[in-house]
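Undergrad: the following block contains a protein sequence and its predicted model.
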Amino acid sequence: MNIWKMTLREIAFRKPASLLALAAVAVAVAALVGSLMALDVHRRQSDQVLEAHEERVDALMAELRDEMRKASLKLSYNLLIVPQGQHLRDWYTEGYGRQYMPEEYVDRLSSSNLMTVQHLLPTLQQRVEWPEQEGRTILLIGTRGYVPHLHQDPKKTLDLGHMVPAGTVVLGYQLQQLLSAKEGDTVRLLGRDFAVHRCHEERGSRDDITAWIALDEAQELLGRRGQINAILALKCMSCQGVGLHSVRGEVGRVLPDTQVVEMGSRVLARYESRLRVGEEAKAALEQERQHHASMQARREATAGVISPTLILAAAVWLALLAFRDVRLRRGEYGILRAIGVGTGRLLGMFLSKAAIVGLAGGALGYVGGIVVGLHFGRDAGLGGGSSMTPAELLRPDWAALALTVALLVSILAAWVPALLAARTDPAMILREGGR
Amino acid sequence: MLEASGLTKQFSGPEGMVTALSDVSLRAEAGEFLAVRGPSGCGKTTLMMILGALLRPTAGEVRIDGHDPYRLTPEARSRFRAERIGFVFQEFYLVPYLSVLENIMAPSLARAHSNAQARARELMGRFQLSDRAAHVPAALSTGERQRVALARALFHEPKLLLADEPTGNLDAENAGRVLRDLAAFAEGGGTVLMVTHHADAAEYAQNVVQMEAGKVVKAVVPQ
Ligand SMILES: Nc1ncnc2c1ncn2[C@@H]1O[C@H](COP(=O)(O)OP(=O)(O)OP(=O)(O)O)[C@@H](O)[C@H]1O
Ligand SMILES: [Mg+2]
């Protein structure tokens, strides 16, 4: 016969008390494992939800990035380069500037290494009264056509559409109507004859009252030889990493006494709005992540109260049961001490019972905790642990924790009563008799 | 074999010291059955506890088999009891959840026995308990219970058997049986010291010591 066999006999003999002790351990451990389990289920679900959300955002961001990359390839903005002293207000109200700069600026710009500026259109524009047409006000624009970059194939970029051959005029719609002119007719303007090179369709803009002639002829007629008042830079490509600001800066470096104005860029606005969509999606994800984190923290706090409380309650309950045990078994301890069983052995007997109850209760509580945890996980409306594999369910670290906690609680609760039992004076017990 | 001289035991009670024993001396040889008689409260149980190495006397000396157990450490004294002393009480003190066989083997918890089962079965045979081996104490008659307690006391073949009112809960027939067993143990060379207030019980003893109020008043040698 050994202590363990004896202890098992004793546990079986006092079934109700043993079951009560077992239940206390099991409930405490179930609460611990259950809360761990529920927290884990919640964490998994949170992670899944967040992961899905993250994937959506990632996909959106990738899509946006792609879209923006494509857009930025196509992204062009037209720049208006005017002299530094030009009031933009005047430019907008009058439709042209009164400040001039040397025509040579265009060549300087085109020979510089500005990869981003592709086409340059130097113009001299001025509002004039057309003496041959009863002093009617028109916009006269002298243009030289696009000046190609020197390092690009000139033929390829020369846009003849904007070229006005010498001695000819291109008429806006209104002017064409006024003169009932057609291509090839001769028109007299500021005392000089021009052949009508082309007539524009109605555009509903200033273009309709504009007459275009060759730049050098305009300079001559307006007495502005070698001068222009604007350079239109068209299709400035925003290459990867080259923004509007840097383009402005580049132009500014080449032509210090000019200012660069961006002319309406819808692509840019769309770009920015898409960028905002991305930011909002990211912010929403971050908000959701924080929400999940705070929920998890709240659950952890709750579990952090419930588990220790139940463990403490179990410990108190076990200690009470153990004290009752000591009283019930006084006679047993008395006689065992009398026949020579040492106090250490007696302590071992008492604690072995605590160990057995602890281990059994711990195992029971572990299984119960998994069931409880899954149940709560499901109750939270998160779909439960249905997706969990048995390996994820039966975690050895939790099992070890459950058994350790159960063993510790059970043994610690029994410790003082056990010492009491081992220390009781057998002479005292045995002379008490049946009392 | 057993020698006590000048044993005094005082307990501190709520109304000062209570003297349970005062200057008690006695001796018992190997093979002797000694009965201690006296009225209730005269100090019989106290004396037995002291002689059984369970209760340190306030004064006086005990020698068992030539050793003073109170010179030993508590653990050594436990071993000393396990080796040399057997106890029988009026209330049997059987372990309720162990079978008859296991109760008889219980002393092997204190001191290993080379063949505990066989020894226990031998004792069961001697005390007519063989057909009760698997029963728990609650299933036994009081006579049987006391025989189990006696068998347990004899498990390690002690030199000294101390019995406190061993027949107090038994009918005449069972009492006679237990007393004969005690006498048989003495005849086998053991020393028996039995505490009782029954005159009949004392008749089985070779020597009787009469006590009153913590003192030995006379030693009677029966016919
Ligand atoms: N632990 C104790 N504390 C105080 N007084 C005690 C203690 N043990 C015994 N006594 C007292 O010592 C006296 C002797 O007690 P003891 O139990 O030895 O008597 P007894 O002869 O065995 O009596 P009974 O025949 O009724 O069993 C009694 O007065 C008792 O009250
Ligand atoms: Mg007594």
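TA: Looks like it came in fine. These numbers come from a predicted model, not from an experiment. Ligands and ions are numbered 1, 2, ... in the order given.
Undergrad: from here on, contacts and neighbour counts on C-alpha atoms
TA: Will do.
Undergrad: so residue A:319 sits right up against residue A:411, yeah?
TA: No: using Cα atoms under 8 Å, residue A:319 is not in contact with residue A:411, being 9.3 Å away.
Undergrad: then the helix or strand where residue B:186 lies to PDB, C-alphas only?
TA: In the assignment (DSSP states H and E), residue B:186 maps to helix B:172-187. Output of helix B:172-187 as PDB, limited to C-alpha atoms (Å, rounded to 0.1, in the frame of the first residue of the first chain):
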ATOM      1  CA  ALA B 172     -18.700  -9.900  27.200                       C
ATOM      2  CA  GLU B 173     -18.000 -12.500  24.600                       C
ATOM      3  CA  ASN B 174     -15.900 -10.200  22.300                       C
ATOM      4  CA  ALA B 175     -14.200  -8.600  25.300                       C
ATOM      5  CA  GLY B 176     -13.100 -12.000  26.500                       C
ATOM      6  CA  ARG B 177     -11.800 -12.800  23.100                       C
ATOM      7  CA  VAL B 178      -9.700  -9.700  22.900                       C
ATOM      8  CA  LEU B 179      -8.400 -10.100  26.500                       C
ATOM      9  CA  ARG B 180      -7.300 -13.700  25.700                       C
ATOM     10  CA  ASP B 181      -5.500 -12.400  22.600                       C
ATOM     11  CA  LEU B 182      -3.700  -9.800  24.700                       C
ATOM     12  CA  ALA B 183      -2.800 -12.500  27.200                       C
ATOM     13  CA  ALA B 184      -1.600 -14.700  24.300                       C
ATOM     14  CA  PHE B 185       0.600 -11.900  23.100                       C
ATOM     15  CA  ALA B 186       2.200 -11.700  26.600                       C
ATOM     16  CA  GLU B 187       2.700 -15.400  26.600                       C
END
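Undergrad: so what touches that helix?
TA: B:30-33, B:143, B:146-147, B:166-167, B:191-192, B:201, B:204-205 (Cα atoms under 8 Å, 6 or more residues apart in numbering or on different chains).
Undergrad: all strands of chain A, in order?
TA: In chain A, the segments counted as strands under DSSP state E are A:76-83, A:101-102, A:119-130, A:136-143, A:168-171, A:186-189, A:192-199, A:210-214, A:227-228, A:230-237, A:258-263.
Undergrad: now the second one: average pLDDT?
TA: This means strand A:101-102. Taken as a whole, strand A:101-102 carries a mean pLDDT of 92.
Undergrad: give me the distance from it to the chain's centre.
TA: Relative to the chain's own centre, strand A:101-102 is displaced by 49 Å; criterion: Cα atoms, centre = their mean, to the nearest Å.
Undergrad: what sits up against that strand?
TA: Under the contact criterion Cα under 8 Å, 6+ apart, strand A:101-102 has outside partners A:82, A:83, A:226, A:227, A:228, A:229, A:230.
Undergrad: list the contacts for the closest residue to residue A:229 other than its chain neighbours?
TA: With sequence-adjacent residues excluded and distances taken as Cα to Cα, 6 or more residues apart in numbering or on different chains, residue A:229 is closest to residue A:100, at 4.4 Å. Applying Cα under 8 Å, 6+ apart, one finds that residue A:100 lies in contact with A:82, A:83, A:227, A:228, A:229, A:230.
Undergrad: same question for residue A:206.
TA: residue A:139.
Undergrad: cool, residue A:200 as well?
TA: Contacts of residue A:200 (Cα under 8 Å, 6+ apart): A:170, A:171, A:172, A:173, A:208.
Undergrad: now it: phi and psi?
TA: phi -90, psi 150 (degrees, to the nearest 10).
Undergrad: low-scoring pLDDT stretches of chain B, where are they?
TA: Along chain B, segments meeting pLDDT under 70 span B:219-223.
Undergrad: which parts of it sit against ligand 1?
TA: Residues of chain B lying close to ligand 1 (Cα under 6 Å from any ligand atom) are B:11-13, B:18, B:20, B:39-46.
Undergrad: out of the residues you listed, which is most surrounded?
TA: Comparing the residues of chain B next to ligand 1 by number of neighbours (other Cα atoms under 10 Å in any protein chain shown), residue B:44 comes first, having 28 neighbours.
Undergrad: pLDDT score assigned to the closest residue to residue A:228 other than its chain neighbours?
TA: The shortest distance from residue A:228 to any non-neighbouring residue, by Cα to Cα, 6+ apart, is to residue A:124 (4.5 Å). Residue A:124 carries a pLDDT value of 90.
Undergrad: also residue A:263?
TA: Residue A:263 is given a pLDDT of 69.
Undergrad: all helices for chain B, in order.
TA: Taking DSSP state H as the test, the helices found in chain B are B:44-51, B:74-84, B:100-105, B:116-126, B:142-154, B:172-187, B:199-202.
Undergrad: figure out which of those is closest to residue A:47.
TA: Comparing the helices of chain B against residue A:47 with Cα to Cα, the closest turns out to be helix B:100-105 (59.1 Å).
Undergrad: contact partners of that closest one?
TA: If you take Cα under 8 Å, 6+ apart as the criterion, helix B:100-105 is touched by A:1, B:94-95, B:116-117, B:120-121, B:124, B:132-137, B:148-149, B:151-153, B:155.
Undergrad: tell me the buried residues in stretch B:64-81?
TA: B:64, B:69, B:70, B:77, B:78, B:79, B:80, B:81 (16 or more other Cα atoms under 10 Å in any protein chain shown).
Undergrad: the second one touches residue B:54, doesn't it?
TA: Think residue B:69. No: contact criterion Cα under 8 Å: residue B:69 and residue B:54 do not qualify, at 9.1 Å.
Undergrad: which ones are touching residue A:310?
TA: A:27, A:28, A:31.
Undergrad: okay if I get those as CSV plus pLDDT and distance to residue A:119?
TA: Shown next, in CSV, are those (pLDDT from 0 to 100; distance: Cα to Cα, whole Å):
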residue, pLDDT, distance to residue A:119
A:27, 91, 82
A:28, 91, 80
A:31, 88, 76
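Undergrad: chain center to the longest helix anywhere in chain A, what's the gap?
TA: If you go by DSSP H, chain A has its longest helix at helix A:266-328. Here helix A:266-328 is found 22 Å from its chain centre; the criterion is Cα atoms, centre = their mean.
Undergrad: compute the inter-axis angle for it and strand A:76-83.
TA: 120 degrees (axes from the mean of the first three to the mean of the last three Cα atoms, to 10 degrees).
Undergrad: one step back: which of the residues of chain B next to ligand 1 fall in strands?
TA: Per DSSP E, these map to strands at B:11, B:12, B:13, B:18, B:20.
Undergrad: need the per-residue pLDDT for the nearest residue to residue A:46 once chain neighbours are set aside.
TA: Leaving aside its chain neighbours, residue A:46 sits nearest to residue A:292 (6.4 Å; criterion: Cα to Cα, 6+ apart). For residue A:292, the model assigns a pLDDT of 87.
Undergrad: before we move on, back to that, buried residues, the helix holding residue B:186. List them.
TA: Neighbour count says helix B:172-187 has B:174, B:175, B:176, B:177, B:178, B:179, B:181, B:182, B:183, B:185, B:186 buried, by 16+ other Cα under 10 Å.
Undergrad: and which of the residues you listed is nearest residue A:427?
TA: Nearest to residue A:427 among those, with distances taken as Cα to Cα, is residue B:182, at 22.3 Å.
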